[in-house]
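# Based on what follows, work out the 3D shape:
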Amino acid sequence: MVDRNIAAATAAAVVILDQLLKWLLRSFVAQGEIIQLLPFVSLKHITNTAGVFGLFQDSNAIMAALSVVILIIIIAAAKHFPATAA
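I've put the predicted structure just below:
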């Protein structure tokens, strides 16, 4: 089973990389600009203020609160599982 420290480090690395790439995109790519990465892959700078499938459009406070509640539930549930499998 994967050690919790490895899982936490992997999750942290993914979040940091995600935020870095978003910052780079906002800093260097204009809104609506398309960058062709490969002949079959392109990147377009758009802004999505909604959740999945357009739910809760322009309701960032609701989405943030929901995220915090879900995170608390995950942390509380994780305390009931052993750190490593026997």
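
# all helices of the chain, in order?
4-28, 60-78 (DSSP state H).

# what about those, which gets the closest to I34?
Nearest to I34 among those is helix 4-28 (12.1 Å), distances taken as CB to CB. To be clear about C-beta, it is placed using only N, CA and C from the backbone, and glycine gets the same treatment.

# pLDDT on that closest one, on average?
For helix 4-28, the mean per-residue pLDDT is 90.

# What is that helix packed up against?
Where contact means 3 or more CB pairs under 8 Å, 6 or more residues apart in numbering; DSSP states H and E, helix 4-28 is not packed against any helix or strand.

# Let the chain start at 32 from now.
Yes, from this point I'll number from 32; that puts the last item at helix 35-59.

# Nearest to P70, out of the helices of the chain?
Taking those one by one with CB to CB, helix 35-59 is closest: 20.9 Å.

# F87: neighbour count?
By other CB atoms under 10 Å, the residues close to F87 number 15.

# from what I can see it touches I93, true?
Yes - between F87 and I93 there is a contact under CB atoms under 8 Å: 5.4 Å.
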